[in-house]
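# Have a look; sequence and predicted model below, questions after that.
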Amino acid sequence: MSVKLFCMLQCCSVCGCSWYVVVWQAILLVYAGMTLFRDLPFCWLIQTLVFVAFNKVCTSQYFLWFLCLLPLELLRSRVSASRAVVLGAAWFGAQALWLNAAYRLEFKGESTFLEIWGCGLLLLISHTSLIVSLITHHRPTRFAGAACGRTKKVQ
C-alpha cells in the first residue's frame with residue numbers, strides 16, 4: 001500500500017489520533033458540497049480533488065478520478081494559460097517524484113519513507129494550489145442554478 005504522509009500516519013497510529021485525518025477530509029468535503037452545489041460538475045471536480053488531496057492513502061488511480069472532470073472546468077475557467085502550465089507542471093513533477101519514491105519502496109525494497117513523506121507534502125501543496133486556483137478563477141455557467149430551481153419560469 002502506498003501512503004502519503006507516512007510518518008504522520010505512523011505517529012497517529014501510535015497515539016490513536018488517526019481519526020483526525022478522516023474528520024478533516026469529511027469537513028472539507030461537506031463544506032465544498034454545501035457551497036458549490038449550484039454548479040454540479042464543478043462541485044464534483046472540487047470534491048474529487050479534496051478527496052484525493054486529503055486522503056491518507058495515495059495511489060495513481062486516484063489522479064484519474066479528477067483528470068476526467070478537469071476538462072469540463074478548464075473550458076470555462078478564467079485561469080490564465082501560463083498559470084495553468086505552472087500548476088500542471090507542479091502537479092506532474094510532484095506526482096513523478098512521489099511515484100519514483102513509491103516504486104523504489106514497493107518494488108526495490110529501498111527505505112524511502114522520508115522521501116515519500118516529502119513528496120506527499122509536495123503533492124498536497126500542488127493539489128491545494130490547484131483547488132484554490134480553480135475556485136478563485138471559476139466562472140459559473142449561466143444555467144448552474146437550474147438544477148436547484150433558481151431560474152425564473154416563463155409564462
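Arrived safely, thanks for sending. Numbers count the residues shown, from 1 in each chain.
# Could I get the full set of helices for this structure?
Counting by DSSP state H, the chain has these helices, from start to end: 6-15, 19-36, 40-53, 60-67, 70-74, 81-108, 113-136.
# Could you look over these and pick the most buried one?
Of these, the one with the most neighbours on average (mean count of other CB atoms under 10 Å) is helix 40-53, at a mean of 20. Using the backbone N, CA and C atoms, a C-beta is placed for each residue, glycine as well.
# Spit out the contact partners of the residue nearest to the spatial centre of the chain.
Most central in the chain under CA atoms, centre = their mean is residue 49, positioned 2.7 Å from the mean C-alpha point. Residue 49 makes contacts with 66, 127, 130-131, 134, as judged by CB atoms under 8 Å, 6 or more residues apart in numbering.
# Now render those as TSV, adding distance to residue 94.
Converted to TSV, the contacts of residue 49 look like this (distance: CB to CB, whole Å):
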residue	distance to residue 94
66	14
127	8
130	11
131	14
134	17
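# So which of these is the closest to residue 19?
Taking CB to CB as the measure, residue 127 is the one of those closest to residue 19, at 21.8 Å.
# Chain neighbours aside, what residue packs nearest to that closest one?
Spatial nearest neighbour of residue 127, chain neighbours left out: residue 53 (3.4 Å); criterion: CB to CB, 6 or more residues apart in numbering.
# tell me the contacts of the one you found?
Residue 53 sits next to 123-124, 127-128, 131 when contact means CB under 8 Å, 6+ apart.
# Including pLDDT and distance to residue 100, could these go into CSV?
Putting these into CSV (pLDDT from 0 to 100; distance: CB to CB, whole Å) gives the following:
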residue, pLDDT, distance to residue 100
123, 92, 12
124, 92, 17
127, 94, 18
128, 94, 21
131, 95, 24
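# ok, now which ones touch residue 130?
Residue 130 touches 49, 87, 91, counting by CB under 8 Å, 6+ apart.
# go on, residue 69?
Counting by CB under 8 Å, 6+ apart, residue 69 touches 41, 44-45, 48.
# just those: which has the poorest pLDDT?
Lowest-confidence member of those: residue 41, scoring 90 (pLDDT).
# could you list every residue that touches that residue?
Taking CB under 8 Å, 6+ apart, one finds 69, 72-73 in contact with residue 41.
# at 10 Å what do you get?
Contacts for residue 41 were tallied using CB atoms under 10 Å, 6 or more residues apart in numbering; they are 69, 72-73, 76, 141, 144.
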